[in-house]
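# I would like the atomic coordinates for the input below:
(3 chains)
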Amino acid sequence: MRRMAADHGHRLYGVRKGAWSEEEDALLRECIGKYGEGKWHQVPLKAGLNRCRKSCRLRWLNYLKPNIKRGEFSMDEADLIIRLHKLLGNSRWSLIAGRLPGRTANDVKNYWNTHLGKKTMLRLQALMNSAAAADYQTKVIKPRPRTFSKTLVQCMRSGQQQQQGQHFCTNNGSKSSTIKDDAVDLISGKDDDGVDKQIQWWKSLLDDQLSDQELAALASGSCGLVEEEQAGYELPQPPVDDRSGYKIYEERPKTDFTNELSFDIELWDFFTDDDQWQTSSGLIQGL
DNA sequence: AACAATTGCAACCGCAACATA
DNA sequence: ATATGTTGCGGTTGCAATTGT
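Predicted coordinates:
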C-alpha cells in the first residue's frame, strides 16, 4: 500500500518558515558548495539550518542555484511557453522549464498564471472584441517558418546565457543584429523553407518527447495529433486567399486566441507596454 | 493621507513516483 | 512483496509592493 503524506513523519516542530534571510542563504550555499546538490534530507543538519528539507531544496532550485535567469521573460521565451503549453497541457511546467535555460518551473508557472493564463487572455479577448478596437485592417501575410540557429539550440541544450547581439534566427539574408530584431523577423517571416525547418526546430526542442507526426502537426500549426487529453484544443483555421493561396490573417486577431498557438507581435507589444495595458485594463474592468 | 483592492512572486503543502531496506 | 524513506511536481497560499479610491 502506498504510504500517504510521507513528509508528515519528518515534520519538525519549530522549524523556520517564510522568507529566507541572507544568513540562511549563505549557509545553504556553503553547504551545497561543500557537499554538492542532492541528499536533501541531510541538508538542514549539514548546513546548520532550522528549515525542513523541502524548504531547502526549493530555495536552492528556485532561487540560489547558479545560472538562474531573473528578470522579464523575452518574447522568444513567452512564445516558447505558449507553444509548449499548447502542446503539453497545463501540468507540465518542469518539462516546459526544461526547454528554457535558466528558468525554473515555478517561474514559468507564475509567468503563465500572471501573464498568459486564461483569465488574462479572456480579458484581452474582451478588449480586442470591443468597439474601441474596431478599425482592423485586413492584410495578407505570407506564412513563414520559424527557425532558430544552431547556436540557439546549442545554448538551449547547454543552458548557456545569450550573449549580447548574438544571432539566433536563421533568416535568409537577414541583416538583423539582435535577438529582438530576429524575433520580429521570425514573427513576420523572412524565409521560404517551408514546414520542414519548423519540424527541425520542434525536434531540437522535443526530439525525445514527440513522434514525427506530432512534430509535423506542430510545425504546420495544427495540433490535432497530440494526446487525447488535449483534444479540446483546436486551432481555428484562417481563410485562404483564392489567388495567392496564402492564409489571410486579421492584423489583430478577432478570433478566439485563447486557443491560438501562434504568437502575435502586437500582442507582445501590448503586454510589454505598461501604459497601453493599464489603460486597457481600466477600459475593460468589470467585464 | 489613509485605507482598500489588486498584483506578482516566493514559498508552502499534499501527493505520487521512485528508491531502498 | 511490502513497508518505509526520499525526491520532485503542480496547485495553492501568503504577503509585500503597488495601484486605485
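# Need the phi and psi values for the nearest residue to A:I68 once chain neighbours are set aside.
Excluding the flanking residues, the one nearest A:I68 by C-beta to C-beta, 6 or more residues apart in numbering is A:G102, at 5.8 Å. Where you see a C-beta, it was placed from the backbone N, CA and C, and this is true even at glycine. Dihedral pair for A:G102: phi 90, psi -10, per degrees, to the nearest 10.
# List the residues that contact the residue of the stretch 101-250 of chain A found nearest DNA strand C.
Nearest to DNA strand C in the stretch 101-250 of chain A, going by C-beta to the nearest atom of the strand, is A:A105, at a distance of 4.3 Å. By C-beta atoms under 8 Å, 6 or more residues apart in numbering, the residues touching A:A105 are A:W93, A:S94, A:I96, A:A97.
# Output the below-cut-off pLDDT ranges for the stretch 101-250 of chain A.
In the predicted model of the stretch 101-250 of chain A, residues A:118-250 satisfy pLDDT under 70.
# Up against DNA strand B, what does the stretch 101-250 of chain A have?
A:N106, A:D107, A:K109, A:N110, A:Y111, A:N113, A:T114, A:H115 (C-beta under 7 Å from any atom of the strand).
# Out of those residues, which end up buried?
A:D107, A:K109, A:Y111 (16 or more other C-beta atoms under 10 Å).
# coming back round to it: surely the residue nearest to A:I68 touches A:K69?
Yes: between A:G102 and A:K69 there is a contact under C-beta atoms under 8 Å: 3.1 Å.
# What parts of the stretch 51-200 of chain A come near DNA strand C?
Residues of the stretch 51-200 of chain A lying near DNA strand C (C-beta under 7 Å from any atom of the strand): A:53-54, A:57, A:90-95, A:105-106, A:109-110, A:113.
# Could you report the neighbour count for the closest residue to A:G48 other than its chain neighbours?
Distances taken as C-beta to C-beta, 6+ apart put A:L27 closest to A:G48, at 5.8 Å, once the chain neighbours are dropped. The tally of other residues near A:L27 (other C-beta atoms under 10 Å) stands at 21.
# gap between A:L27 and DNA strand C?
17 Å (C-beta to the nearest atom of the strand, to the nearest Å).
# any idea how far that residue is from A:S55?
12 Å (C-beta to C-beta, to the nearest Å).
# again, but for A:G14
Applying C-beta to C-beta, the value for A:G14 to A:S55 is 13 Å.
# what about the two, which has more around it?
Between A:G14 and A:S55, counted using other C-beta under 10 Å, the more crowded position is A:S55 (21 against 5).
# Doesn't that one lie inside a helix?
Yes: counting by DSSP: H, G, I helix; E, B strand; the rest coil, A:S55 is located in a helix.
# OK, contacts around A:E30?
A:A47.
# ok but it is inside a strand, no?
No: with three-state DSSP as the criterion, A:E30 is located in helix rather than a strand.
# nearest spatial neighbour of A:K34, skipping sequence neighbours?
The nearest residue in space to A:K34 (C-beta to C-beta, 6+ apart) is A:K46, at 7.8 Å.
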